[in-house]
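Novice: here's my sequence, what's the structure:
(chains A and B)
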Amino acid sequence: MGESEYKEIMEAVLVGDVEKTKALTQEMLAKGISPHDVIEKGLMEGMNLVGDKFENREYFLPDLLVAAEAVKRATEIIKPHLKGERGKGTVVIGTVSGDIHDLGKNLVASTLEASGFRVVDLGVDVLPERFVNTVKKEKANILAISALITTTMMGMRDIIEMLAKSGIRKEIKVMVGGAPLDEDFAKRIGADRYARTSRDAARKALELVSGIGKWLR
Amino acid sequence: MVKMTSRERILQAIEHREPDRVPVDFGNRNWSIVNAPPYGYKALCEYLNISDYPEPKIVYLLNIVANIDERILKKFNVDIRNLGAGGLGMERLPDGTLRDLDNHGIICKPAGPYFSIPDTLAPLRNAISEKDIEEYPFWSDYTNPVYFKGKEEEAKNLHQQTDYAISTWVPNIFHRYAFVRGFNNFMMDIRINVEFFRALANRILKASQTFAREFLGRVGRYIDIVCIGDDMGTQTQPFMSVEDFRKYVKPYWAELIKEIKKYTEAKILLHCCGSIYPLINDIIEVGFEVLNPIQPLAYQMEPERLKRDFGKRICFLGGIDIQRLLTFGTPEEVREGVRRVISILAPGGGYILAPSHDVQPETPPENIVAMYEAAKEFGTYPVKGS
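Specialist: Numbers count the residues shown, from 1 in each chain, chains lettered A, B, ... in the order given. This next block holds a predicted model:
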């Protein structure tokens, strides 16, 4: 397998060419390239470059969103080929109750999906009991919660407490993110990780399901 | 210095001449106060021993008070009074969401102390053609007299019987684009759907121009400041690059300003949140004379930088930080913060003091009072430079 194909699909993601990204994905799968390699060496690498450019202010929201859209559509094509595999694990994700911001949450969801996780997206304004019930039902490895308003971020603590009351806190890793949050806040409410960006979220999610991360709090 | 009227003071500041004191504003849309606990408007009134204030008129979406009690405005020496348009209001839908009939039927939903406008409910989120745009049934008709009935009289009275500067608002373009189409789609349309983008932006521009014609055609000669609120920034950067901004935003603003200028000689204010430093040169070029809200904690929005680079060419309205200082500071810290901002932004005129957005629910009333007391204490010209 030549490097040039990965480079080509990375480029397509980087310039936000949705149609080309989809076509290349199909081509690569037809050639027998493993779906995981298409994701990891192609789509994710492209998305990482986009993330870097966004953080450096070379890229702006339109660039970021179109690239994310390209990855999302390509991932839809790949999904059936991943059937039966759990990949890296299952993430349940959503925005806390009373908050309906989802720009960041959606980016994190697509990035996690492209990183090989099965993602169950509960959307926005999600009640604590729904988070907890879905975690149980889906046997999730990670719960990822987002909040964008200072008044709703306190709801994250309720969710974590409810996980504890339901006796499943030990089996699940909790990641939190959103503009008003920081590392300190995450620690205070008893979350396992705080993620600042979607890229950070993917890195930390992988860390959490990897051997050593499982035992780190 | 001879004491000036509020109107003179505001106009002098906008024209970069030093008035008698730094003019101030409060209670206007986008620099008012949120009506929600733990503090909010109610706590402010109680703190000032005002119990018989009129029922708050709430501006939906922002959940702010449009009719701050006149005694508060007088106590704070507020120099501007706002003339609001009439409207049809909100329609409650069976699923509990609300349709804003005055804003092209956008759908919003209560969320915490505010209203949110979810992308997933944006009425034109699935539109693909110009035909879809034209057939959309909820375009607001700004020729409807409900928007301007009685307003000519009201504006005339404000102009003749008070000496306040009078402001009013004209509907924006791109906020409405984001609301009817969804914010993500707005951003993506300028990349992968340019033809559709132009059709929709033109449709919204046309409506805003109609409002300008119908409303300002009647009240324009009594108005001192026309405001447009069209956000272009996050906390850390503009939504889009300067190149995209010039291609996709600036020309539409230029057309709207051109229409407004037909009906009024008022100064034109842009409310544009967040980190927008790279856009300011173009904002001045396109014809805005006042820039609001100046959020000092947003990237590259430090008052020093703005005064240095643009202070002679545009007037700033706002600048007193609502994200940390007013919300979590002590009254003494607020006083010092106000002194500092005045010392940077006020020399040479070109500054109207106000909070850097609507005062948030967590803000203790004593901090709001401290802000306006400090404005009085430190605002007399000549101000001490930094």
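Novice: what residues does chain B put near chain A?
Specialist: By C-beta under 8 Å from any C-beta of the partner chain, the residues of chain B that approach chain A are B:109, B:111-114, B:116, B:118-120, B:183-184, B:187-188, B:190-192, B:234-241, B:244, B:361-362. For every residue, glycine as well, the C-beta is placed using N, CA and C.
Novice: could you flag which of these are buried?
Specialist: B:109, B:111-114, B:116, B:118-119, B:183-184, B:187-188, B:190-192, B:234, B:237-241, B:244, B:361-362 (16 or more other C-beta atoms under 10 Å in any protein chain shown).
Novice: out of those residues, which are inside helices?
Specialist: Those of these mapping onto helices are B:Phe183, B:Asn184, B:Met187, B:Met188, B:Ile190, B:Arg191, B:Ile192, B:Asp244, per DSSP state H.
Novice: A helix includes A:Glu207, no?
Specialist: Yes. Membership of A:Glu207 in a helix is supported by DSSP: H, G, I helix; E, B strand; the rest coil.
Novice: against A:Gly51, how distant is it?
Specialist: Distance of A:Glu207 to A:Gly51, given as C-beta to C-beta, to the nearest Å: 17 Å.
Novice: between the two, which one's more packed in?
Specialist: Between A:Glu207 and A:Gly51, A:Gly51 has the larger neighbour count (other C-beta atoms under 10 Å in any protein chain shown), namely 22 against 15.
Novice: skip the chain neighbours and tell me the closest residue to residue 78.
Specialist: You didn't pick a chain, so chain A it is. Using C-beta to C-beta, 6 or more residues apart in numbering or on different chains and skipping the chain neighbours, the partner closest in space to A:Ile78 is A:Pro35 (4.7 Å).
Novice: actually, chain B is the one I wanted.
Specialist: Per C-beta to C-beta, 6+ apart, closest to B:Val78 is B:Phe26, 5.1 Å.
Novice: could you list the low-pLDDT ranges of chain A?
Specialist: Scanning chain A for pLDDT under 70 picks out the ranges A:1-2, A:83-86, A:211-217.
Novice: hey, where'd the strands end up in it?
Specialist: A:89-95, A:117-121, A:142-146, A:173-177, A:193-194 (DSSP state E).
Novice: so which elements touch the third one?
Specialist: When you say that, I think you mean strand A:142-146. If contacts are counted by 3 or more C-beta pairs under 8 Å, 6 or more residues apart in numbering or on different chains; DSSP states H and E, strand A:142-146 sits against strand A:89-95, helix A:103-114, helix A:128-138, helix A:155-165, strand A:173-177, helix A:198-209.
Novice: picking that back up, tell me which of the residues of chain B next to chain A fall in strands.
Specialist: Taking DSSP E, the ones among the residues of chain B next to chain A that sit in strands are B:Lys109, B:Ala111, B:Tyr114, B:Ser116.
Novice: taking these together, which two end up most distant?
Specialist: Maximum pairwise distance among these (C-beta to C-beta): 10.0 Å, between B:Lys109 and B:Tyr114.
Novice: now the farthest one out in chain B, which residue is it?
Specialist: Distance from the centre of chain B peaks at B:Lys131, with 32.5 Å (C-alpha atoms, centre = their mean).
Novice: report pLDDT for that one.
Specialist: On the pLDDT scale, B:Lys131 is placed at 97.
Novice: can you give me phi and psi for it?
Specialist: phi -60, psi -40 (degrees, to the nearest 10).
Novice: distance of it relative to B:Ala199?
Specialist: The gap separating B:Lys131 from B:Ala199 is 10 Å, by C-beta to C-beta.
Novice: got the domain ranges for chain A?
Specialist: Recorded structural domains for chain A (assignment: automatic domain parsing) are A:3-82, A:89-215.
Novice: and B:Ser356, what is it in contact with?
Specialist: Shown in contact with B:Ser356 (C-beta atoms under 8 Å, 6 or more residues apart in numbering or on different chains): B:Trp31, B:Pro293, B:Ile294, B:Gln295, B:Pro296, B:Gly318, B:Gly319, B:Ile320, B:Asp321, B:Ile322, B:Gln323.
Novice: quick one: which of the residues you listed has the most company?
Specialist: Most neighbours among these, by other C-beta under 10 Å: B:Ile320, with 30 neighbours.
Novice: surely that one is in contact with B:Met371?
Specialist: Yes. Counting by C-beta atoms under 8 Å, B:Ile320 does reach B:Met371; the two are 5.7 Å apart.
Novice: hey, what's in contact with both of the two?
Specialist: Shared contacts of B:Ile320 and B:Met371, counting by C-beta under 8 Å, 6+ apart, come down to B:Leu326, B:Val334, B:Val338, B:Pro355.
Novice: grab the nearest non-local neighbour of A:Leu122.
Specialist: Among residues not flanking A:Leu122 along the chain, A:Gly94 sits closest, at 3.5 Å (C-beta to C-beta, 6+ apart).
Novice: what comes into contact with stretch B:184-191?
Specialist: Against stretch B:184-191 from outside (C-beta under 8 Å, 6+ apart): A:16, A:61-63, A:65-66, A:69, A:103, A:106, B:119, B:122, B:125, B:174, B:177-178, B:181, B:196-197, B:200, B:239-240, B:244, B:247-248.
Novice: in helices, which of those residues fall?
Specialist: Those of the contacts of stretch B:184-191 lying in helices (DSSP H): A:61-63, A:65-66, A:69, A:103, A:106, B:174, B:177-178, B:181, B:196-197, B:200, B:244, B:247-248.
Novice: which residues of chain A lie near chain B?
Specialist: So chain A meets chain B at A:16, A:18, A:57, A:60-63, A:65-66, A:69, A:98-103, A:106, A:123-125, A:149-152, A:179 (C-beta under 8 Å from any C-beta).
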